[in-house]
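Enquirer: how does the following fold in three dimensions:
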Amino acid sequence: MMVPPPAPRRGPARPSIVVVRILATNELAPAEIGAIRAIMDASFGDDEEERFGDDDWGHAIGGTHVVVDVDGEIVAHASVVEREIRIGGQPVRTGYVEAVATAPASQRRGYGTIAMDAIDRLTRDGFALGVLGTGEQAFYARLGWQSWRGPSSVRTAAGIIPTPDDDGYLMVLPTPTSPPLDLDLPISCDWRPGDVW
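Expert: Here you go, the predicted model:
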């Protein structure tokens, strides 16, 4: 009877090298932008309502990007851009979080949390408030984000237009310089192409 040779002994798995980079948009190389866009496309899918389009990328640029590399490959991204959000009609200097995603093959390993921890620090250090729109409230709630309960709207040249589809979708992160927050007050954003929130 032939007995197969023993399997070669394997040592402990080589630990991954995780690097968090904080960059301005103009510091991203074209190949890095392509890799980030590929992560967004794969994470958000092809559904017309959910997919990540050019307007969405346009919303993510011009601020600060957090890029998480694992063994030299980009696996997660988030960005924060300045927007004027008004609460109860009062302007609040806001860091608005955009383009948060982890490559599908790298999800559930903590890389999204690593990216958001860096975004949260940037927001707390640089803004009076953090705001984002999401359908993944549980993920952000465990990081300290709070659901906004008040009605939402967008400020346009034609006036203030309610955005009821976004009610319950918005979350805020208080910072050391936040004004007293009443989560039931009206909240409004400035108009922009694509999704206004």
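
Enquirer: point out where the chain drops to low pLDDT.
Expert: The model of the chain has pLDDT under 70 over residues 1-14.

Enquirer: work out which residue lies at the spatial centre of it.
Expert: residue 100 (3.1 Å; CA atoms, centre = their mean).

Enquirer: could you find the closest non-adjacent residue to it?
Expert: residue 78 (4.2 Å; CB to CB, 6 or more residues apart in numbering). C-beta here means a position set from N, CA and C on the backbone, and glycine is covered the same way.

Enquirer: quick one: that neighbour is in a strand?
Expert: Yes - Residue 78: assigned to a strand according to DSSP: H, G, I helix; E, B strand; the rest coil.

Enquirer: wait, it touches residue 102, no?
Expert: No - counting by CB atoms under 8 Å, residue 102 is not a contact partner of residue 78; they are 9.5 Å apart.

Enquirer: which one of these two has more residues nearby?
Expert: Higher neighbour count among residue 78 and residue 102: residue 78, with 26 against 23, using other CB atoms under 10 Å.

Enquirer: can you get me a residue count around the closest residue to residue 113 other than its chain neighbours?
Expert: Spatial nearest neighbour of residue 113, excluding adjacent residues (CB to CB, 6+ apart): residue 143 at 7.1 Å. Applying other CB under 10 Å, we find 14 other residues in the vicinity of residue 143.

Enquirer: show me what contacts residue 143?
Expert: 113, 116-117, 120 (CB atoms under 8 Å, 6 or more residues apart in numbering).

Enquirer: got the phi and psi for it?
Expert: phi -100, psi 0 (degrees, to the nearest 10).

Enquirer: could you check how far it is from residue 78?
Expert: Relative to residue 78, residue 143 is positioned 11 Å away (CB to CB, to the nearest Å).

Enquirer: who touches both of residue 78 and residue 102?
Expert: Joint contacts of residue 78 and residue 102 (CB under 8 Å, 6+ apart) are 112, 115.

Enquirer: give the buried residues for stretch 174-193.
Expert: 174-175, 178, 187-189 (16 or more other CB atoms under 10 Å).
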